[in-house]
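In: What shape does this take:
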Amino acid sequence: MALSKMDDYIIPAAVTSLASYQYAYFAMQVGQVRRKLKFPPPKTTGEPEFERAHRAQQNAVEFAPIFFPIYWVSCFFFHPVLASIPGCLYVIGRHMYFKGYCEAPGKRLSGFKMISFSLRALLFMGAAGIATAALRRYADINLYKYVAEYSGGYL
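Out: Presented below is the predicted three-dimensional model:
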């Protein structure tokens, strides 16, 4: 197995940077709602508009320890560009979720479905990549070679 080069991870680094910026943006949006409503800290309840924005931002924070590791595991063990497709869908879904939840709780569902789909895809990619690497390393079984042979060399 060839070692990866830093250039192989430009797209994952960009997706990670975008997701990180998005988390900061959500926090700023919550602060903006707080100022607009003149809702002083440390209060977090009593203003439905603030509560929705705060809950949407907190939900994003709760999912960060799930998204970032599985995204990078998928990038390292599956493929950096292919894993970036559900990675981008996650960022888009997270935006839809935040925007929808700020308007009304029921409007967050389409974003949640996209987030859920992207996380499942990343979990599958990560698991498949780890399993393939483990078989190659510990059992000397190269699944890529077998797939290429049975596909007529198209891979």
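In: And the helices in the chain?
Out: Counting by DSSP state H, one finds helices in the chain at the ranges 10-37, 48-77, 80-103, 109-139, 143-150.
In: In CSV, list those helices along with mean neighbour count, mean pLDDT and distance to Ser4.
Out: To be clear about C-beta, it is placed using only N, CA and C from the backbone, and glycine gets the same treatment. As requested, the helices of the chain are exported to CSV (neighbours: other CB atoms under 10 Å; pLDDT from 0 to 100; distance: least, CB to CB, whole Å):
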stretch, mean neighbour count, mean pLDDT, distance to Ser4
helix 10-37, 15, 97, 11
helix 48-77, 18, 98, 7
helix 80-103, 20, 98, 8
helix 109-139, 16, 97, 12
helix 143-150, 11, 84, 15
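In: For Tyr71, give its distance to Met28.
Out: As judged by CB to CB, to the nearest Å, Tyr71 and Met28 stand 23 Å apart.
In: Am I right that Leu109 is in contact with Glu103?
Out: No: with contacts counted by CB atoms under 8 Å, Leu109 stays clear of Glu103, the gap being 12.0 Å.
In: The residue nearest to Ala133 when sequence neighbours are not counted and Val147, how far apart?
Out: Distance criterion CB to CB, 6 or more residues apart in numbering; nearest residue to Ala133, sequence neighbours excluded, is Phe77 at 5.5 Å. The gap separating Phe77 from Val147 is 16 Å, by CB to CB.
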